[in-house]
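**Q** make a model of this:
(4 chains)
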2 protein chains.
Amino acid sequence: MPSYQPKRPLTLRDVSEACGVSEMTVSRVLRNRGDVSAPTREKVLKAARSLGYVPNKIAGALASQRVNLVGVIIPSLSNMVFPEVMTGISEVLDGTDLQPVVGVTNYSPDREESVLYEMLSWRPSGLIIAGLEHTDASRAMLAQSNVPVVEIMDIDGTPLDSAVGISHRRAGRQMAEAIVAAGYRNIAFLGTQMPNDHRARKRLEGFEEELARHGLSLVDREFYSGGSALLKGREMTQAILQRSPETDFLYYSNDMIGAGGLLYCLDAGLDVPGKIGLAGFNGTELLDGISRKLATMDACRLEIGRRAAEIISGKHSTGTAGGAFIELFPTLQPGDTIRKI
Amino acid sequence: MPSYQPKRPLTLRDVSEACGVSEMTVSRVLRNRGDVSAPTREKVLKAARSLGYVPNKIAGALASQRVNLVGVIIPSLSNMVFPEVMTGISEVLDGTDLQPVVGVTNYSPDREESVLYEMLSWRPSGLIIAGLEHTDASRAMLAQSNVPVVEIMDIDGTPLDSAVGISHRRAGRQMAEAIVAAGYRNIAFLGTQMPNDHRARKRLEGFEEELARHGLSLVDREFYSGGSALLKGREMTQAILQRSPETDFLYYSNDMIGAGGLLYCLDAGLDVPGKIGLAGFNGTELLDGISRKLATMDACRLEIGRRAAEIISGKHSTGTAGGAFIELFPTLQPGDTIRKI
DNA sequence: GAGCGGTATGTGAGCGCTAACAGCGGGAGA
DNA sequence: TCTCCCGCTGTTAGCGCTCACATACCGCTC
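**A** Numbering: from 1, shown residues only, chains lettered A, B, ... in the order given. This next block holds a predicted model:
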């Protein structure tokens, strides 16, 4: 490795001098753009490799006004849902020259705002952001930025530009319908205590709406925050069953606490789904392997990620102008924890 | 929102014209650098806000030769271990002006190489990368790049620069020691089929070494790839117990498949830990809530993330030159699935 | 052999910002 | 009164690359 100089960062000029062509030609070779003769190309590549040259995208992006980055702003990485969205995004982006960059907000609108500011300051060529609810400042930034935006996960609201997601309100209603149809009447809800988890909120609203249509209302509810979801599910379930023994159905805001609840019920020797039914939300594959399969509803996470990435990468032919609006439809997976009708 | 012009991206000049000072002064205000009088500062901030100006970090980084990005290269986001490392990193970086940017390799050395190339082309001010094993090209790039590098998770090998992690070999040995001490003799291993998961490999090597010291060897082993870990754990366990009924201990390469195995054993009514013991690896908090607590070994994930970020952000006072080398020591959590001695 | 189209290469300007330094006014000290 | 210095602001010159264009050269045709 011939590095005589005291380490100075390499530039295009170093490569061009090393192989006797102009910087422009080196640039063309390294980007595969424009015509370069085969021998020249070889010569340049050899020189670049032997020097260990890595192009400076900062300079390149400034000069070309193009950045191959796509910002992805999500609330969390620690529940299983967003990694799967990321997988969908990566799958599609891997086929392009675009690269995802993730930012995590921890469900805080203020953090979202600052993550957004930070991202926009890198002038990404697209932005994928979870949810439809943003601060005024965030909306203003996005509008001003001129960057294509896809809001994902949720479609109950008004998108800024494009949107891909499911209706959580409808998902809640559907689940309520199935539960009521199966004959359960004393239904409790167990969820996370997160004022900014708008999707969980909308599911619960839809759920209660549908119950109301049948003249029912929740017999009890329990919220938690932090800690191991499985354990919390167990604890909350015990609390509810102790406090409201008439409960015959437990609706959880996610599969993880639902699984905790299910394990509790099984350990306690309760008759599931005869005496008591359970359902979660997400379709978390992770949990396949528990003796009884929890009723749930697939949130189309992979597909949401894919579609969003397709819109950004221009693969989705959106008529002409204006944003795309894609509603996906989750399917109810009754599992083994709802009585068959 | 006064945006008369047909949307043209805003620059410092727009802000400076809007408030009648030089670009330099605006730049100083927006970066909180250098002396600016209070009234000027206010005027500038007001103008910037009302225009919705977001600085262009690409240009800024090029001019200042400083980038507030830290690359984080990890094999996967879908098992629970790396998100926790990320949490540790974020915790520390949030107190600085640095921002993590993650890249995922899917345990492929070639992908690692290309992710690395991509990252280095943004000239990050630090790099955190999982593992000590990299392709020659990767090592060359890193050496050439002049970027501080912290290799995390593993310390059984020679770091390029700094390293923070645990000895997986030793972890394997320790677990074997505990198992043998508890009187188990017919021990099987269940793990992932991933030639590039060097840490799992080293754990197994350490484990077998220690068994050998006691004149023992594995009675059986089973590997999987893909699918739901919980379910795979269940299936593999069943397979092993059918094939090698004399097995009295199951050592899993991670807690998730371990939990699947545990659920299988409990469902099958086996006497745990009397007739058969189980142990995993990671200390996955996620799984608290299963009726029986799986024996495991905490991998210090949070702490590893924190320490690595501290090194990059310069909070860790590393004597003077040369990389830091930090070994952490996992603790064995016997849980309820190893016989008490 | 002048004119043409095409391929392969080079040239100059400038992307939006910041480092370094230069200027400018005014109060303190000689 | 003349410095000297300090707090504030402006000026100049790039950072390393890419764009748009200019140029050189080749083999053709008519």
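**Q** thought A:Trp122 was touching B:Pro55?
**A** No. Between A:Trp122 and B:Pro55 there is no contact under Cβ atoms under 8 Å: 10.2 Å. To be clear about C-beta, it is placed using only N, CA and C from the backbone, and glycine gets the same treatment.
**Q** which residues touch the closest residue to DNA strand D within the stretch 151-300 of chain A?
**A** Scanning the stretch 151-300 of chain A for the residue nearest DNA strand D gives A:Asp161, at 24.9 Å (criterion: Cβ to the nearest atom of the strand). Going by Cβ atoms under 8 Å, 6 or more residues apart in numbering or on different chains, A:Asp161 touches A:Leu142, A:Pro148, A:Val149, A:Val150, A:Glu151, A:Gly323.
**Q** ok, the residue nearest to A:Ala239 when sequence neighbours are not counted - contacts?
**A** Excluding its sequence neighbours, the residue lying closest to A:Ala239 (Cβ to Cβ, 6 or more residues apart in numbering or on different chains) is A:Glu222, at 6.0 Å. By Cβ under 8 Å, 6+ apart, the contact set of A:Glu222 is A:Ala188, A:Phe189, A:Leu190, A:Gly191, A:Met236, A:Ala239, A:Ile240.
**Q** do any residues in the helix or strand encompassing A:Val92 lie close to chain B?
**A** Secondary-structure assignment from DSSP states H and E places A:Val92 in helix A:81-93. Yes. Shown here: helix A:81-93 in contact with chain B (Cβ under 8 Å from any Cβ of the partner chain) through A:Pro83, A:Glu84, A:Met86, A:Thr87, A:Ser90.
**Q** nearest to DNA strand D, of those?
**A** Comparing the residues of helix A:81-93 next to chain B against DNA strand D with Cβ to the nearest atom of the strand places A:Ser90 closest, at 23.9 Å.
**Q** that closest one against A:Pro100, yeah?
**A** Yes. Using Cβ under 8 Å, A:Ser90 is in contact with A:Pro100, at 6.3 Å.
**Q** run through chain A and note the low-pLDDT ranges.
**A** A:1-7, A:316-322 (pLDDT under 70).
**Q** for A:Ile58, pull up the helix or strand it's in.
**A** helix A:57-64.
**Q** the next helix or strand after that helix packs against which elements?
**A** Using DSSP H and E, the helix or strand that follows helix A:57-64 in sequence is strand A:69-74. Applying 3 or more Cβ pairs under 8 Å, 6 or more residues apart in numbering or on different chains; DSSP states H and E, we find strand A:69-74 packed against helix A:81-93, strand A:99-104, helix A:109-120, strand A:126-130.
**Q** enumerate the residues of the stretch 51-200 of chain A near DNA strand C.
**A** A:Ala59, A:Leu62, A:Ala63, A:Gln65 (Cβ under 7 Å from any atom of the strand).
**Q** which of the residues you listed ranks first by neighbour count?
**A** In terms of neighbours by other Cβ atoms under 10 Å in any protein chain shown, these top out with A:Leu62 at 19 neighbours.
**Q** contacts only, for it.
**A** By Cβ under 8 Å, 6+ apart, A:Leu62 lies in contact with B:Ile58, B:Ala59, B:Leu62.
**Q** pull up the residues of the stretch 101-250 of chain A that are close to chain B.
**A** A:101-102, A:104, A:117-118, A:120-123, A:140-141, A:143-146, A:228-234.
**Q** ok, of the residues you listed, which come out buried?
**A** Among these, those classed as buried by 16 or more other Cβ atoms under 10 Å in any protein chain shown are A:101-102, A:104, A:118, A:120-123, A:141, A:143-145, A:228-234.
**Q** follow-up on the earlier one: residues of the helix holding A:Val92 that come out buried?
**A** Applying a neighbour-count criterion of 16+ other Cβ under 10 Å, one finds A:Val81, A:Phe82, A:Pro83, A:Glu84, A:Val85, A:Met86, A:Thr87, A:Gly88, A:Ile89, A:Ser90, A:Val92, A:Leu93 buried in helix A:81-93.
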